[in-house]
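# here's a sequence, model it:
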Amino acid sequence: MKTIEIFGEDRYPEYTKIREGCRGILIRGGKILLSYFKSLNIYMIPGGGIEFGESLEECCKRELGEECGVRVDPHTHLVTLEEYYHEWYFKSHYFICGYLGKCESALTENEIKRGLTPCWIDFDKALEIFGSFEEYKDIDEVQYGTYYREYLALQELLKL
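A predicted model of the protein is given here:
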């Protein structure tokens, strides 16, 4: 399993805040499942933070169930991305998932407020969306970093 590091230009010499999470790559019929945040106009590979005592696989299963209403089998730990921005250190574990069925989603208040909607997008279109990360470099660091991270993860998938 490969680890990729991303260093933001504005990173502090030492980080003081840490967030570790998991993201699930689910592809069916040439389409990839993404989370779309309407208020931010941003797509992401679905996932979120690890809860206390939870394994990486359990986190991935829970997050895709809560955000997208799907039950998955996170069978392959594809890549880990470590990002350094401002005072933050983010560690995201990406899993290739198998589809097991539907379940009831359970969005957080913040996800509802941001208009989180699961959507199936052609895989090539997702590569195009995330591949546009350079467009956001000087405009929106969050969108730049998010799209760059997701693009790198999908590039690792293409290598398989």
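
# how many residues are close by the closest residue to Tyr151 other than its chain neighbours?
Nearest in space to Tyr151, with sequence neighbours left out and distances taken as Cβ to Cβ, 6 or more residues apart in numbering, is Phe130 at 3.9 Å. The C-beta positions use only the backbone N, C-alpha and C, and glycine is treated the same way. As a burial measure, Phe130 scores 22 neighbours (other Cβ atoms under 10 Å).

# do Ala106 as well
11.

# and it, that's in a helix?
No. Going by DSSP: H, G, I helix; E, B strand; the rest coil, the assignment for Ala106 is coil, not a helix.

# quick thing: my sequence starts at 13, can you match it?
Understood, numbering begins at 13; the last thing we discussed is Ala118.

# give me the residue at the spatial middle of the protein.
Geometric centre of the chain, nearest residue: Ile57, 3.7 Å, by Cα atoms, centre = their mean.

# can you give me the helices in this protein?
In the chain, the segments counted as helices under DSSP state H are 68-80, 121-125, 135-142, 153-170.

# need those in CSV with mean pLDDT, can you?
Output for the helices of the chain, formatted as CSV (pLDDT from 0 to 100):
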stretch, mean pLDDT
helix 68-80, 98
helix 121-125, 96
helix 135-142, 98
helix 153-170, 94
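
# so which of those helices gets nearest Ile18?
For these, the distance to Ile18 is smallest for helix 153-170, at 6.5 Å, taking Cβ to Cβ.

# grab the nearest non-local neighbour of the residue nearest to the centre of the chain.
Counting by Cβ to Cβ, 6+ apart, Arg35 is the residue found nearest to Ile57 once chain neighbours are left out, at 4.5 Å.

# cool, thanks, talk later.
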